[in-house]
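Participant: below are the sequence and a predicted model for it; my questions follow.
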Amino acid sequence: MGARIRTAAIAALALTGSMLVAGQAEATGVLRPVATNLDGPRGVATYGHKVIYAVTDGSVYATDGHKRWKLGQVPGGFPPAIDTNAWGTTYALTGAGGEPGAPPTPGSSTLYRLRPGKSAVVVADIAKYQAHDPDPYNQADSPTETNPFGVAALRDGTVLVSDAANNDLLRVWPNGKIKTVARLKPRLVKTPAGLGSEAPPAGTPFLAEAVATSVTVGSDGYWYVGELRGFPATPGTSEIWRIKPGAVNAVCDPTKPHKGNCKRYADGYTSIVDLAGGPHGKLAVAQLARDSWLKFEMGGSPIGSLIVQDKWGHRKELARGKLNLPGGVAYNRWGDLYVSSPVFGPGAVYKVR
């Protein structure tokens with residue numbers, strides 16, 4: 001993958017491993033493939049009995065378990081995030097593209113609406129909006145840097161987009177209008193050990209960016225955003241935020257986590273790359289690499305994790321040790337759970353049982 005993909009999808013992804021609460025239930029889960037021989041699967045969505053997924057070249061497919069068909073294609077290079085709304089319309093979101101310092105790749109950082117058999121329709125240019133919506137809490141690179149990474153389609157036809165470089169949540173209307181829903185502030189963390197001589201000494205306080213990789217709608221109707229955590233990728237410092245529907249310019253503040261229209265819902269996660277709202281208050285959380293994205297980048301383990309948290313805060317890890325670099329997760333209307341893995345290289349979409 002190109003340098004820009006590495007910085008946007010890794011440094012801005014800020015990948016890390018899994019820290020679970022003490023006393024949680026024993027890990028369970030069997031993986032049954034529903035789509036195989038895929039090149040870098042990431043985005044996953046459902047509509048009725050159909051499972052929809054995206055791969056590296058930007059193609060988006062649907063399968064009913066017997067056959068598959070192509071819904072459309074958007075500019076590739078890194079597999080897009082996808083979601084399908086209650087009316088069956090599928091949206092695909094491209095992230096940052098191109099080399100650092102160079103003009104962005106045409107079609108990158110854009111939200112598309114897919115039409116089977118026809119060209120994808122541009123709904124909104126996220127980069128154009130973010131160029132005039134700088135991150136006021138930016139810690140590195142340009143405050144207008146953008147890497148749209150998570151998407152959730154709402155029943156009213158609008159679409160939520162989480163930006164992993166601008167560290168915010170956006171709402172996009174069908175006519176391309178965009179509003180900033182919430183901004184995620186950085187968090188003071190302690191530098192972990194084992195990062196090499198170029199990193200600050202272990203235990204050094206470091207203000208790390210939120211890196212808003214993921215967004216979903218819970219069964220309660222609230223909007224949930226998951227963080228990856230920027231450098232130094234300290235395990236256990238990724239949060240999940242619960243945002244009041246319809247909010248505008250809310251602030252998700254780790255120093256005041258229970259005030260305003262954005263409140264902290266969960267803490268202690270690592271490397272969140274996707275969220276899925278399930279039945280009865282369940283929230284599925286996909287974490288990219290258990291030992292931290294930085295450790296993975298340094299040659300460490302690619303094993304990630306899939307955790308389901310209920311509304312009382314209880315967590316259960318599914319398919320423990322069986323998922324390498326998971327990229328996307330989705331529930332269907334009956335509560336069946338699907339996950340894609342790995343996000344780089346040959347992979348599959350699985351039903352988790």
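Facilitator: Ah, there it is. Numbering: from 1, shown residues only.

Participant: wait, Gly281 touches Lys311, no?
Facilitator: Yes - Gly281 is in contact with Lys311 according to Cβ atoms under 8 Å; the separation is 3.0 Å. C-beta coordinates here come from the backbone N, C-alpha and C atoms, glycine included.

Participant: spit out the residues that contact these two alike.
Facilitator: Counting by Cβ atoms under 8 Å, 6 or more residues apart in numbering, the common neighbours of Gly281 and Lys311 are Asp220.

Participant: pull the residues that contact the helix or strand harbouring Val285.
Facilitator: Using DSSP states H and E, the element containing Val285 is strand 283-287. With Cβ under 8 Å, 6+ apart as the test, strand 283-287 has contacts from 16-18, 214, 216, 218, 224, 226, 238, 240, 265-266, 269-278, 304-310, 326-329, 331, 337, 339.

Participant: can I get that strand in PDB, CA atoms only?
Facilitator: What follows is strand 283-287, C-alpha atoms only, in PDB (Å, rounded to 0.1, in the frame of the first residue of the first chain):
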ATOM      1  CA  LEU A 283     -22.700  -3.100  20.300                       C
ATOM      2  CA  ALA A 284     -20.100  -5.100  18.300                       C
ATOM      3  CA  VAL A 285     -16.600  -3.700  18.300                       C
ATOM      4  CA  ALA A 286     -13.900  -4.700  15.800                       C
ATOM      5  CA  GLN A 287     -10.300  -4.100  16.900                       C
END
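
Participant: now do the buried residues in the next helix-or-strand element following that strand.
Facilitator: Once strand 283-287 ends, the next helix or strand along the chain (criterion: DSSP H and E) is helix 293-297. By neighbour count on 16 or more other Cβ atoms under 10 Å, the buried set for helix 293-297 is 293-296.

Participant: among those residues, which one sits closest to Leu38?
Facilitator: Of all the buried residues of helix 293-297, Leu38 sits closest to Phe296, with 20.5 Å by Cβ to Cβ.

Participant: from Val123, how far out is the closest one?
Facilitator: 33 Å (Cβ to Cβ, to the nearest Å).

Participant: likewise Leu114?
Facilitator: 10 Å.

Participant: the closest residue to Val349 other than its chain neighbours: neighbour count?
Facilitator: Once flanking residues are discounted, Val349 sits nearest to Ala35: 4.3 Å by Cβ to Cβ, 6 or more residues apart in numbering. The local packing of Ala35 (other Cβ atoms under 10 Å) involves 22 other residues.

Participant: what's the answer for the one 3 residues further on, then?
Facilitator: Residues within reach of Leu38, counting by other Cβ under 10 Å, total 23.

Participant: so who does the closest residue to His132 other than its chain neighbours touch?
Facilitator: Take His132 and drop its neighbours on the chain: the residue closest to it by Cβ to Cβ, 6+ apart is Thr144, 7.8 Å away. When contacts are counted by Cβ under 8 Å, 6+ apart, Thr144 touches 130-135, 166.

Participant: quick one, grab the pLDDT at Thr144.
Facilitator: Reading off the confidence values, Thr144 has pLDDT 95.

Participant: kindly report the same for the one 4 residues further on.
Facilitator: Pro148 is assigned 98 on the pLDDT scale.

Participant: how close does it sit to Gly347?
Facilitator: 22 Å.

Participant: helices of the stretch 101-250 of the chain, residue ranges please.
Facilitator: Taking DSSP state H, counting those that start in this stretch as the test, the helices found in the stretch 101-250 of the chain are 126-130.

Participant: any weak-confidence spans in it?
Facilitator: 101 (pLDDT under 70).

Participant: would you map the strands across the stretch 101-250 of the chain?
Facilitator: 110-113, 121-125, 148-153, 159-163, 168-172, 178-184, 187-190, 205-208, 212-217, 223-227, 238-243, 250-252 (DSSP state E, counting those that start in this stretch).

Participant: got those as CSV, with distance to Ala45 columns?
Facilitator: Output for these, formatted as CSV (distance: least, Cβ to Cβ, whole Å):
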stretch, distance to Ala45
strand 110-113, 13
strand 121-125, 16
strand 148-153, 8
strand 159-163, 12
strand 168-172, 17
strand 178-184, 20
strand 187-190, 30
strand 205-208, 30
strand 212-217, 11
strand 223-227, 16
strand 238-243, 20
strand 250-252, 25
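
Participant: identify whichever of these lies nearest to Leu31.
Facilitator: Closest among those, using Cβ to Cβ: strand 212-217, at 20.7 Å.

Participant: buried residues, stretch 324-334. List them.
Facilitator: Within stretch 324-334, judged by 16+ other Cβ under 10 Å, the buried ones are 324-332.
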